[in-house]
Each structure stands twice: as structure tokens, then as C-alpha cells.
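A structural model of the following input is requested.
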Amino acid sequence: MSTPNGPEGQGPAGEQEEPVVVRDRRRIDPLTGEVRAPAGDAAASPAGAGPAPAGSGDEPPAESLADPRIADLEKQLEERTADLQRVSAEYANYRRRVDRDREAVLHGAKASFVADLLTVLDDIERAEQHGDLNGPFKSVADKVVGVVEKLGLDTFGAEGELFDPSLHEAVQHEPADAPGATVTVLSAVLRRGYRLKDRVLRPAMVTVVDKPEPEFLSDEPVPPAPADENDPPVNPEEPTNPA
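Numbering: from 1, shown residues only. The predicted structure follows:
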């Protein structure tokens, strides 16, 4: 087919016209969704070479593509985590200290209250020794003693106990007659001692005497020997025949 200017595809002077070329400059491939290489890199690569393999030296390292704000956020996260751990430890120590102080205050209040009742307990004890603890007075005395025992009050000081300077206040000391090793024991209790748990409210007022150590050891009760499993049981009501 020919045109007035000559055959199709030729100009008036017989020259061939340039074909129309459409270049797709979109950076994202609409079919695969992948990022296309820049036009300069595509032109520089040899024909038919295909896309550059992943991890080749032409691509920049992954570290260079990382956003510096991510490193800053990670650093801030570590700092906030360390601050939270420190605050949690301080709060736990504060709770333990408060609980310990509360327990000490409560124990001190109990000790102060019970210490004011020691003279009342002394009067109750003397009345019981003289046989005057009876009737309504005995009922009230039992209630008072029950209250202080419920708070943890304990008595100490009995005849024959070893003398302890931290618990006993000796007003009289009788030395031993015989020479040799001796031990100091309580000979009489003039005023009973009281303690609340591990706190001594009042030491016991006592008189002490030195006893020879062999005599003191002989006065201690000896625990019974364990019975043999092969021995028959002994009935205390049956008389034993002497051998």
C-alpha cells in the first residue's frame, strides 16, 4: 500500500520514520509487585543477563537501609526497662521495710501495755499465795491473766534453774561450802520475771547459791531408758516377784 508521500513507513524523501517506543517508568512492577531496578542499572547490565542475584555486591548492605530511629527506640526501650526494674526493686525493699517497722511498732505497743499490768499480776500472784483469790476477784484475775497470755506474755524464774544474768537479778549469793567446780543456781524466787516473745520486760529477782557440779548433775532427772521391743509389757498393777 502506498501513500502520497511514498510507500507506507517512509517519508516524503523516501526516508523511514522512527518507530514509536513506549517506556514504562513505573518503579513497581504491576505484575509481580517487586521493585524494579533503576533504568541506568538496567542499561548497564548486559543483555539477557537477567536480574542481579540477591546478596550481590551491587546492592547496598541491609544495615545501611535500617532506619536510625529504630536503634534510638531500642536504646530508649532498654533504658525504660532498666528504670522499671530499679523502681520495682526499690518498691519491694520499701514494702519489706514498712512491714518490718509496722511489726516493730505493734510489738512495742503490746510490750508497753503488758508492762503496765505487771504490778497487777504481782498482786494477783500474792493474793493467790495467801488464799485470797476467790469469788468475783478470781474471775476478774483469770480474765486479766488470759488476756496477757494471749498477747504472748511468758513467765520465767523457778528454784533450781541455772542463774542467767540476762534474765535474773540476784539480790543474795551464798557460796558453796565444799571446794571444787560449782554452778550457780536459783535458791529462791522473790519476784517472778516476765518476757514478751524475745523481749525481757522485767528480770526475775532471785537469791542464788553455788552448788558443786557433781551434786547439781545428780539432782537433774534422768530420762528413762527406752524399752526393748523383745521385753514383754509390764503391768504396774501386777506385783513383781524378786529373783
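
just the strands in this structure please.
2-3, 6-7, 153-156, 168-174, 182-191, 193-196, 199-202, 204-212 (DSSP state E).

the inter-axis angle of the fourth one versus strand 204-212?
Read that as strand 168-174. Strand 168-174 runs at 40 degrees relative to strand 204-212, counting by axes from the mean of the first three to the mean of the last three CA atoms, to 10 degrees.

quick one: strand 168-174 to strand 182-191, angle?
Strand 168-174 runs at 120 degrees relative to strand 182-191, counting by the same axes, to 10 degrees.

for strand 168-174, which helices and strands make contact with it?
Counting contacts by 3 or more CB pairs under 8 Å, 6 or more residues apart in numbering; DSSP states H and E, strand 168-174 is packed against strand 182-191, strand 204-212. Every residue, glycine included, has its C-beta placed from N, CA and C.

need the winner for burial among the strands of the chain.
strand 193-196 (a mean of 21; mean count of other CB atoms under 10 Å).

and that strand, which strands flank it?
Strand 193-196 pairs in its sheet with strand 153-156 (antiparallel), strand 199-202 (antiparallel), by DSSP bridges.

now that strand: mean pLDDT?
Across strand 193-196, pLDDT averages out at 93.

how about stretch 71-86?
The pLDDT scores in stretch 71-86 average 92.

and for stretch 98-105?
On average, stretch 98-105 scores 93.

CA atoms of it as CSV?
Provided in CSV are the C-alpha atoms of stretch 98-105 (Å, rounded to 0.1, in the frame of the first residue of the first chain):
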residue,chain,number,x,y,z
VAL,A,98,7.4,-0.9,106.1
ASP,A,99,6.2,-4.3,107.2
ARG,A,100,9.2,-4.7,109.5
ASP,A,101,8.6,-1.2,111.0
ARG,A,102,4.9,-2.0,111.4
GLU,A,103,5.6,-5.2,113.2
ALA,A,104,8.1,-3.5,115.5
VAL,A,105,5.6,-0.8,116.4
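
and the helices and strands packed on strand 168-174: which comes nearest residue 94?
Residue 94 lies closest, by CB to CB, to one member of the helices and strands packed on strand 168-174: strand 204-212, at 40.8 Å.

name the helices or strands packed onto that closest one?
Using 3+ CB pairs under 8 Å, 6+ apart, the elements in contact with strand 204-212 are strand 168-174, strand 182-191.

so what's residue 158 up against?
Contact partners of residue 158, counting by CB atoms under 8 Å, 6 or more residues apart in numbering, are 186, 189.

for it, give me phi and psi.
Torsion angles at residue 158 (phi, psi; degrees, to the nearest 10) stand at phi -140, psi 150.

what do you get for residue 160?
The phi/psi pair for residue 160 (degrees, to the nearest 10) reads phi 90, psi -10.

nearest spatial neighbour of it, skipping sequence neighbours?
Among residues not flanking residue 160 along the chain, residue 185 sits closest, at 5.8 Å (CB to CB, 6 or more residues apart in numbering).

cool, residue 155 as well?
Among residues not flanking residue 155 along the chain, residue 192 sits closest, at 5.3 Å (CB to CB, 6+ apart).

re the thing from before, I'd guessed the residue nearest to residue 160 sits against residue 163; true?
Yes: between residue 185 and residue 163 there is a contact at 6.3 Å, judged by CB atoms under 8 Å.

quick one: the residue nearest to residue 155 and residue 154, what's the gap?
11 Å (CB to CB, to the nearest Å).
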